[in-house]
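J.: heads up, no residue letters with this:
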């Protein structure tokens, strides 16, 4: 393994500065007492307290977490089952299935969002329902599932076809063989599919923007609506908190992972 | 496990939530407000061709810059130890956990008149408008989508067998030849999927230009403006955008392996 | 590793679900309020949090969302299947919504505080029989500019076409207001625009486009208040608010005269909780609440009881309460025919897309 040269190190440093610059802005602003984006005036923790008193913001956070967990859960199940089904297809049907499944990924978000809005409005007039929780959830499951399929399918292809049969021969019934053997083999793909879905759903603005209603707003939408004023210390504080939580979780899992892989090698 | 029926629920799902909405877009594009067949929406979309071209131009430049920035970066990462690689990749994904809009707003603050960068520049005697122009839009796009370029590039590059490079070197290739004959050809699938993943969203987004752009609108903005005032014209614009993107993907896929797209 | 991630997944699910379940307080109903952005006193800087006060008083939950233009409001009401209980459109939009049956009659027996409304704001042209609307605020379109960035005097809307301000001019991002300004300068009739007026205004706006920094609505706050642009036409109340946050800003009542608007609270036909909506409207008319709103948003109040208790400094302010001579020069918007209304929107998007 070659050591990196100084210019390379500098280059990487610059890229990282670029990637983290706007985030630093928010962390700084969240501690700024001045309620302004341009003047820095003293250090304060008060915005962190006010975040929890802002009912709209808290509720949107709750909505976002709810949608993200539910859509990740449903799309993981739907996507895993679909990948297994698709695995048994060959040739043209499989290619068609795959292409249609990739449409939400390839299609511009604004087109997906717009088309779903037309669709839900159309359905709403027939079945008399309103845009809200359900429409956002359905839309999110729709764009998350393809990612699950993309992360589960390769694992299926890598899997030894005979282990399922071996399990059957050893006396498992179909369900047991599936849950005890196949699922275990697919687990890494399923987990990464779940996590991708969770993050994409949590961060999605465009599709939620087109499919949400007045009673149900996710956090990105509340952020979008409140960012037109030049000051947003509360939102900075909330994002800083979320950021810290995420980075801790990622660091902890990664470090443990590295330790584990190290001890494996020994 | 062997049953093809397992694909059924998702097939139904796709039919309902992917295909039907698209069909609605298509039928809407060819209807006027009272539901009669018309081509006027499509001709309206043709009137907006300048906007389409402008968006594609911005997307093209952004994608090119992303590629130029990400390529050396990914190469460097792929040369590091596995441990370092996973940490660096994690650090690249971490900013993506912050909300898209917030990161954009961070740039609005950084680039604003009297903001940190402007202050430093005017101290050295440079006075330029940093925000509300094409440059700022491109910067925003590059920022938002750079990780989407680094990831696939890193994935393919880390798979390049190091012995292959060493073999090439042993056979007397200089580093330029090693790059052009070994590394570059093997990284093409990564380039293709990176380009798709950056180009498609940057051609269609409506947020970046809204916050960082000046008086020129991108096609995403126009669709957003139109879709509420006239759904039929909005549909026609969306349909055209979709077709352009589709053509783009078909073309880029000629150069690479289809499976890589979107991973 | 797998175990950790599994745990993580379970945690996320549990957090997601528990937060959602425990966070629900029992309310006796809910109303959906759809209002302009930055158009209600929200509790920042020690002001009254009107929505929280209403919720506490009546135990009705308020789902508060905002729009930026009358046109967005109209399109959402007419084409989406979301329901709203209280909306606050401007004059011409009230007329349009009444004509298309999108708003319903209000039962004024449930709104005793209606007595607080000044008589001159009852029975206005857009709702002559006073059945559908309750005035919330009024004002004129004025010019806000940054003294440190503008040389010479700002007199009126024609200054928005000044070459030396190129790149520092903001313009309305909504068809009616932007077109009206251009029509005033091209001899059109902003009140009852015709297609010819719109065509002329379109050319005028195209002429302005190279000078314009950005087309904005609510973003005017970050642009003008944040000293990013030199001049912008906007609603007087918002200019007042921005001036109180940025000392460099000044205002100008355009010499050409300007648009006088009245924003009124209405109940859409699709409302699910009319009773709650009427309670909300009545609450908004209470002297203290209307005063808090007027103070916070900076718009002129048509509420007599609130006006009386406003600080003297606001009552005397000519930006918010222009002298009668100026108001006589102003015009209001009337409802345009469907065809002209659509044409205007289309031409404005053409300006944006050019």
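T.: Arrived safely, thanks for sending. These numbers come from a predicted model, not from an experiment. Residues are numbered from 1 along each chain as shown, chains lettered A, B, ... in the order given.
J.: C-alpha only now, for contacts and for neighbours.
T.: Noted.
J.: where's residue B:140 relative to chain A, distance?
T.: 11 Å (Cα to the nearest Cα, to the nearest Å).
J.: typo on my end, it should be residue C:205
T.: Relative to chain A, and taking Cα to the nearest Cα, residue C:205 is found at 24 Å.
J.: give me the neighbour count for that residue.
T.: Neighbour count of residue C:205, defined by other Cα atoms under 10 Å in any protein chain shown: 22.
J.: same thing with residue A:162?
T.: Using other Cα under 10 Å, residue A:162 has 9 other residues around it.
J.: ditto for residue C:54
T.: Residue C:54: 18 surrounding residues under other Cα under 10 Å.
J.: please apply the same query to residue B:220.
T.: By other Cα under 10 Å, the residues close to residue B:220 number 29.
J.: what do you get for residue C:341?
T.: 17.
J.: same thing with residue A:161?
T.: Per other Cα under 10 Å, the neighbour tally for residue A:161 reads 11.
J.: now residue C:141
T.: Neighbours of residue C:141 under the rule other Cα under 10 Å: 24.
J.: wait, it touches residue C:236, no?
T.: Yes: assessed by Cα atoms under 8 Å, residue C:141 is found in contact with residue C:236 at 5.6 Å.
J.: just give me the residue right at the centre of chain A.
T.: residue A:199 (1.7 Å; Cα atoms, centre = their mean).
J.: if you could redo that for chain B, that was the one I meant.
T.: By Cα atoms, centre = their mean, the most central residue of chain B is residue B:198, 1.9 Å off.
J.: which phi and psi does that residue have?
T.: Residue B:198 adopts backbone torsions of phi -90, psi -40, taken as degrees, to the nearest 10.
J.: how close does it get to residue B:82?
T.: Distance of residue B:198 to residue B:82, given as Cα to Cα, to the nearest Å: 26 Å.
J.: try residue A:172
T.: Counting by Cα to Cα, the gap from residue A:172 to residue B:82 is 39 Å.
J.: what's the answer for residue C:332, then?
T.: As judged by Cα to Cα, residue C:332 and residue B:82 stand 69 Å apart.
J.: show me the contacts for the spatially closest residue to residue C:265 that is not a sequence neighbour.
T.: Closest residue to residue C:265 apart from its sequence neighbours, by Cα to Cα, 6 or more residues apart in numbering or on different chains: residue C:88 at 4.4 Å. Shown in contact with residue C:88 (Cα atoms under 8 Å, 6 or more residues apart in numbering or on different chains): C:34, C:35, C:36, C:136, C:263, C:264, C:265, C:266.
J.: between those residues, which is nearest chain A?
T.: residue C:34 (8.0 Å; Cα to the nearest Cα).
J.: helix/strand/coil for that closest one?
T.: Using DSSP: H, G, I helix; E, B strand; the rest coil, the three-state assignment for residue C:34 comes out as strand.
J.: looking at this, residue C:171 is in a helix?
T.: No: read with three-state DSSP, residue C:171 is strand and lies in no helix.
J.: can you show me the helices along the stretch 101-250 of chain B?
T.: Counting by DSSP state H, counting those that start in this stretch, one finds helices in the stretch 101-250 of chain B at the ranges B:116-123, B:134-159, B:162-170, B:175-178, B:184-204, B:207-212, B:219-229, B:231-253.
J.: model confidence over the first one, on average?
T.: Per-residue confidence for helix B:116-123 averages out to 86 on the pLDDT scale.
J.: the one helix or strand residue B:65 maps to and chain C in contact?
T.: With elements taken from DSSP states H and E, the one containing residue B:65 is helix B:49-78. Yes: counting by Cα under 8 Å from any Cα of the partner chain, contacts between helix B:49-78 and chain C involve B:50, B:51.
J.: mind listing what the residue in the stretch 151-266 of chain A positioned nearest to chain B touches?
T.: Nearest residue of the stretch 151-266 of chain A to chain B: residue A:203, at 5.7 Å (Cα to the nearest Cα). Applying Cα under 8 Å, 6+ apart, we find residue A:203 in contact with A:220, B:97, B:98, B:99, B:100.
J.: measure it to residue C:326 for me?
T.: Per Cα to Cα, residue A:203 is found 49 Å from residue C:326.
J.: between the two ends of stretch A:201-211, how far is it?
T.: 13 Å.
J.: state the mean pLDDT of it.
T.: Averaging pLDDT along stretch A:201-211 gives 90.
J.: the residue nearest to the centre of chain A is in contact with residue B:97, isn't it?
T.: Yes: counting by Cα under 8 Å, residue A:199 does reach residue B:97; the two are 7.1 Å apart.
J.: what is the neighbour count of the residue of the stretch 101-250 of chain C found nearest chain B?
T.: Closest residue of the stretch 101-250 of chain C to chain B, Cα to the nearest Cα: residue C:214 (4.6 Å). Neighbourhood size, residue C:214 [other Cα under 10 Å]: 29.
J.: next up, phi/psi of the residue of chain B found nearest chain C, please.
T.: Closest residue of chain B to chain C, Cα to the nearest Cα: residue B:215 (4.6 Å). Residue B:215 adopts backbone torsions of phi -90, psi 0, taken as degrees, to the nearest 10.
J.: wait, doesn't it sit right on residue C:214?
T.: Yes: assessed by Cα under 8 Å, residue B:215 is found in contact with residue C:214 at 4.6 Å.
J.: give me the common contacts of those two.
T.: Taking Cα under 8 Å, 6+ apart as the criterion, residue B:215 and residue C:214 both touch residue B:132.
J.: rewinding a little: now do the helix holding residue B:65, average pLDDT.
T.: For helix B:49-78, the per-residue pLDDT averages 94.
J.: and the helix or strand just after it with chain C, contact?
T.: With elements assigned by DSSP H and E, the helix or strand that comes after helix B:49-78 is helix B:82-93. No: Helix B:82-93 lies out of reach of chain C by Cα under 8 Å from any Cα, never closer than 14.2 Å.
J.: now the strands for chain C?
T.: C:30-36, C:61-67, C:86-87, C:103-104, C:134-146, C:169-172, C:212-216, C:231-235, C:249-252, C:260-265, C:267-268 (DSSP state E).
J.: remind me which residues of the stretch 1-150 of chain A are low pLDDT?
T.: By pLDDT under 70, the low-scoring segments of the stretch 1-150 of chain A are A:1-4, A:35-39.
J.: residues contacting the residue of chain B closest to chain C?
T.: B:132, C:209, C:210, C:212, C:213, C:214, C:215, C:352.
J.: how about 10 Å then?
T.: By Cα atoms under 10 Å, 6 or more residues apart in numbering or on different chains, the contact list for residue B:215 reads B:132-134, B:209, C:167, C:170-171, C:209-216, C:352-354.
J.: put the buried members of those residues into a PyMOL selection.
T.: The PyMOL command for the buried members of these (criterion: 16 or more other Cα atoms under 10 Å in any protein chain shown) is given here:
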select buried, (chain B and resi 132+133+134+209) or (chain C and resi 167+170+171+209+211+212+213+214+215+216+352+353+354)
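J.: filter the contacts of residue B:215 by proximity to chain A?
T.: residue C:216 (Cα under 10 Å from any Cα of the partner chain).
J.: adding neighbour count and pLDDT, write the contacts of residue C:88 out as CSV.
T.: Below are the contacts of residue C:88 laid out as CSV (neighbours: other Cα atoms under 10 Å in any protein chain shown; pLDDT from 0 to 100):
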residue, neighbour count, pLDDT
C:34, 21, 94
C:35, 21, 92
C:36, 19, 91
C:136, 26, 95
C:263, 22, 96
C:264, 20, 96
C:265, 24, 96
C:266, 28, 96
